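**Q** no sequence for this one, just the structure:
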């Protein structure tokens, strides 16, 4: 059996820190939270590999270094209300919950949402509201949010997400279509003003029902 605590430490030192994740709060959290408890049982021994891990229903867990970079970019504070689009395994939900005041996490697959809820409960994480639904075009039920994390890619970022940020709020999303996608961070800097920056290039599977860009006939 592999030593998973050692694997977790090596993940932080060999995958995450070299990938420009230097926020000590994020590094400490990744070292403390056992990722193996959130992966499907058959993948438990591979919880710390630098790769996607399959989830039921055709979804995936993002590689650890991707999750770490996105989490660092969100700069989550303990007063923040966060929205996560795509609960998946519940691991990124747990990371957000350890940093934020409250997390609303929306998953389109009811079975995945239920499984994530059991895992969060097992870790004593109570400041999460799990909801089942399609949030690929936004989720205004609890808006505005200080933090929005979109864990699957989107061909285009619907404007609703920008509108649902609170003043000073941060959003991370992976936008584009394979083979060209980029992770971006959006900040709301005024009532009708947002800044946007590119973080890195990557390719991840799209959210289910992700809105497609309009195609004009030739």
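**A** Yep, it's here. What you are looking at is a predicted structure, and each value in this text was computed from that prediction instead of being measured.
**Q** what helix or strand is the residue lying closest to residue 180 once chain neighbours are set aside located in?
**A** Closest residue to residue 180 apart from its sequence neighbours, by C-beta to C-beta, 6 or more residues apart in numbering: residue 201 at 7.6 Å. The C-beta positions use only the backbone N, C-alpha and C, and glycine is treated the same way. Applying DSSP states H and E as the criterion places residue 201 in strand 193-202.
**Q** how many neighbouring residues does the residue nearest to residue 180 have?
**A** 12 (other C-beta atoms under 10 Å).
**Q** ok, now which ones touch it?
**A** 180-183 (C-beta atoms under 8 Å, 6 or more residues apart in numbering).
**Q** pairing partners for it in the sheet, please.
**A** residue 182 (DSSP bridges).
**Q** residue 173 is in contact with residue 158, isn't it?
**A** No: contact between residue 173 and residue 158 fails when scored by C-beta atoms under 8 Å: they sit 9.7 Å apart.
**Q** okay, these two: which has more neighbours?
**A** More crowded of residue 173 and residue 158, by other C-beta under 10 Å: residue 173, with 26 against 17.
**Q** what sits against that one?
**A** So residue 173 contacts 148, 150, 153-154, 157, 161, 183-184, 186 (C-beta under 8 Å, 6+ apart).
**Q** picking up where we left off before, highest neighbour count among the contacts of residue 201?
**A** residue 183 (22 neighbours).
**Q** mean confidence for the helix or strand containing residue 171?
**A** Residue 171 belongs to strand 165-177 when elements are defined using DSSP H and E. Strand 165-177 shows a mean pLDDT of 97 in the predicted model.
**Q** quick one: that strand to strand 193-202, angle?
**A** Going by axes from the mean of the first three to the mean of the last three C-alpha atoms, to 10 degrees, strand 165-177 is angled at 40 degrees with respect to strand 193-202.
**Q** and the pLDDT for residue 3?
**A** 89.
**Q** cool, the one 3 residues further on as well?
**A** For residue 6, the pLDDT comes out at 94.
**Q** roughly how far apart are it and residue 156?
**A** For residue 6, the distance to residue 156 equals 42 Å [C-beta to C-beta, to the nearest Å].
**Q** neighbour count winner among the two?
**A** residue 156 (14 against 10).
**Q** contacting residues for the more buried one?
**A** 175, 211-213.
**Q** please identify, among these, the one with the most neighbours.
**A** With neighbours taken as other C-beta under 10 Å, the top of the contacts of residue 156 is residue 175, carrying 18 neighbours.
**Q** what bridges to it?
**A** Per DSSP bridges, the residues bridged to residue 175 are residue 154, residue 182.
**Q** was I right about residue 94 contacting residue 125?
**A** Yes: Residue 94 lies in contact with residue 125 (C-beta under 8 Å); the separation is 5.6 Å.
**Q** who's more crowded, these two?
**A** residue 94 (23 against 18).
**Q** output the below-cut-off pLDDT ranges for the chain.
**A** In the predicted model, the chain carries pLDDT under 70 at residues 1-2, 215-218.
**Q** any idea how far residue 133 is from residue 168?
**A** 26 Å.
**Q** how about the helices of the protein, start to end?
**A** 4-10, 24-32, 64-74, 91-99, 110-122, 159-163 (DSSP state H).
**Q** so who does the nearest residue in space to residue 199 that is not next to it in sequence touch?
**A** Leaving aside its chain neighbours, residue 199 sits nearest to residue 183 (4.2 Å; criterion: C-beta to C-beta, 6+ apart). Residue 183 makes contacts with 66, 69-70, 73, 172-175, 198-202, as judged by C-beta under 8 Å, 6+ apart.
**Q** cool, thanks, talk later.
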